[in-house]
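Asks: coords please:
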Amino acid sequence: MDFICLPIIFFTGLLLISILTSLFSVRLGIPLILLFIVIGIIVGSQQASLLFTGLLTLQNVFFISSVALALILFESGFTTPLDSFKHNAKPALILASGGVVFSVLFLTPLAYWILPITFIQSLLLASIIGSTDAAAVFFLLRSRGLYLKNKIQSTLEIESGANDPMAIFLTFLCITLLQKNTSTIDQQTFLLISGYFLMQVFIGGIGGYLLFLGLKNAINKLHLEQALYPLFVLALVMMGFAVITFIGGSGYLALYICGLLLGNSAIKAHLTLAKFQQTTAWLCQILMFTVLGIFVHYEQLYSVLSVSLIIGTGLIFFARPLMVFMILSFFKYSLTEKIFISFVGLRGATSILLALTPILYGFSFGLVFFNIVFIMVLLSLSVQGLLIPFMAKKCRVTQHINGTLPEKTEIDLPDLIHSSLIMYEVNQDSPVLCGQDIPKWAQPLLLKRNHLVFQSNNMPTLQNGDKVFVFAPTEHRSFLLDRLYGCIPSTDKCQFWGDFPIKPNTKLSDLKYLYGIEPTISVPDMTLSKFIQTTFPEADVGDRISFGPAELIIRNRRNNHITQLGIDIMPNAQTKSFILQQQKESSTITQYHDIVPPTKNTD
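Replies: I've put the predicted structure just below:
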């Protein structure tokens, strides 16, 4: 039974070591992906790895890495808010495509100058290293308690998820030219390669959308056990990836699009799927980078060390910054934001995976290219990875969050996305224990104190250490609840009372003219206060009334009359920029920084 036990012991031990190293990664600020690779190199250099040489052949390594990368891209799309994608898609997509092309144009002559290779081979090497990997960036920042601003994070996520097809296209373009043994592109070859690229993008895009439609309908119509939904999605996703790739499309692009649409749709078991995808992505990263580390023969790296460092330095400190500043100069990014984005172009999974393709195609220089790319990835993870938290603070592109994120338990509501029951452990720094009023919509459903459980109708005054359970119907409400109950201090008063005040006597018909909000009722001359008092007579201070892409908040009321209202535009709503612009121009409302949030009236 040794042939069963020894591999199990070996790979499970490797998995446990990789997981436990995350503790050191958090404390030392070292990119976890770098540690996975180092573990693989160490294991691969030991005699024990010879027992499994037959398992880690080139074809198997490429297969494992391809599947792992596909699932990582699906998870990346699944966890990306679609509104963030819409608002930052243009600069990010230009970075993704134009950035790869610019990097290739910069690195090709550099590689041609310092290496004894042809121009097309130099172009191939530059194409392989052209794509970025943002996963390590976000882990480093979050492990230090640093969270990027939405604008920066979405830009980096979209860029890293969308630049793979361009890098893959350029890589296979160069391989085609090398197979034809030509350094020039004739018209027939150009049309062939261009058609191949367009087919990859078109079939990948359409295939990803169709896969999303099939998954969404299947998840919502089938009545499966809760634990089976993640496995069902995993099976269909991998089948879709294989089919789309087989018929000539980009399976990676398809899974990213499918994940993006599915993660932002109303589906059953949404939080269960999200947690499963995160776990799967972690497992794929551990497996892929550890296996790639085992595949490397470290004694072969010395011969290309100096060349790799020169090309890697040119990429990190010259090519990437020049490209970022050129492209983002046409968009509204500050100087510090450009500096940070230019510094976080880490190389990772896709680059190492593409570096295997010259070996698979039997080129004599394939192993040399793989070693060069491998060292460049190590350099990128070491230099950029270690300095990213420092650069994030210096460039002021983070929002620091003290405390821990709340534990969430899913409620199966297929018609509402991101609905959840949230458990908070109240501590002495929570706003609810520091005098913050609790609106009706944020009242706890249950309270657990020691071994006692209280319902909402007999709930005592909150104390330090209480565990409360609150229902959040939307992601925005969940965000507000985090500030209300969690140990995350709220420094922005508009989180509770709205983006800006609005006069109670404002007519419903004025909402469209002033803010672009289309009323859904046919009484245009009715005032907001009259509408609320008529439709929601029990509404009290702090209550929120959904109104299209916004929410109206009762800020104060006196003698059963609403005296102050606030309006809260949903985060990332398409109308937000228009409404905030109208806020500056309209005399009906006042600037927010002149407003002191009201306290609840006891008259």
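
Asks: what's the following helix or strand after whichever strand or helix holds Leu260?
Replies: Taking DSSP states H and E as the criterion, Leu260 maps to helix 251-263. Once helix 251-263 ends, the next helix or strand along the chain (criterion: DSSP H and E) is helix 270-295.

Asks: chain center to that next one: distance?
Replies: Mean-position distance between helix 270-295 and its chain equals 15 Å (CA atoms, centre = their mean, to the nearest Å).

Asks: same question for stretch 355-362.
Replies: Per CA atoms, centre = their mean, the centroid offset for stretch 355-362 relative to its chain is 30 Å.

Asks: can you pull out the strands in the stretch 51-200 of the chain?
Replies: Applying DSSP state E, counting those that start in this stretch to the stretch 51-200 of the chain gives strands spanning 146-148.

Asks: next, count neighbours for Met391.
Replies: Look at Met391: counted by other CB atoms under 10 Å, it has 16 neighbours. Quick note: C-beta positions are derived from backbone N, CA and C, even for glycine.

Asks: check the secondary structure at it for me.
Replies: helix (DSSP: H, G, I helix; E, B strand; the rest coil).

Asks: which residue packs closest to it, ignoring adjacent ones?
Replies: Nearest residue to Met391 in three dimensions, chain neighbours excluded: Phe343, at 5.2 Å (CB to CB, 6 or more residues apart in numbering).

Asks: and the helix or strand harbouring Ser22, average pLDDT?
Replies: Secondary structure assignment for Ser22, by DSSP H and E: helix 2-28. The average pLDDT for helix 2-28 rounds to 76.

Asks: give the next helix or strand downstream of that helix.
Replies: helix 32-44.

Asks: list the buried residues of that following helix.
Replies: Going by neighbour count (16 or more other CB atoms under 10 Å), the buried part of helix 32-44 is 32-41, 43-44.

Asks: got it, and stretch 347-367?
Replies: Counting neighbours by 16+ other CB under 10 Å, the buried set in stretch 347-367 is 347-359, 363, 365-367.

Asks: what's the angle between the helix holding Ser22 and helix 32-44?
Replies: 140 degrees (axes from the mean of the first three to the mean of the last three CA atoms, to 10 degrees).

Asks: which strands or helices does helix 2-28 pack on?
Replies: Secondary-structure packing of helix 2-28 (3 or more CB pairs under 8 Å, 6 or more residues apart in numbering; DSSP states H and E): helix 32-44, helix 135-143, helix 270-295.

Asks: what's the angle from that helix to helix 270-295?
Replies: Going by the same axes, to 10 degrees, helix 2-28 makes 100 degrees with helix 270-295.

Asks: residues near Thr57, how many?
Replies: Burial measure for Thr57: 11 neighbouring residues, criterion other CB under 10 Å.

Asks: which members of the buried residues of stretch 347-367 occur in helices, if any?
Replies: Judged by DSSP state H, helices contain the following of the buried residues of stretch 347-367: 349-355, 357-359, 366-367.

Asks: the residue nearest to Leu446 when sequence neighbours are not counted in helix, strand or coil?
Replies: Sequence neighbours aside, Phe469 is the residue nearest to Leu446 in space, at 4.2 Å (criterion: CB to CB, 6+ apart). Following three-state DSSP, we place Phe469 in the strand state.

Asks: Ile567 too?
Replies: Ile567 - assigned by three-state DSSP - is strand.

Asks: what's the distance between it and Asp510?
Replies: 12 Å (CB to CB, to the nearest Å).
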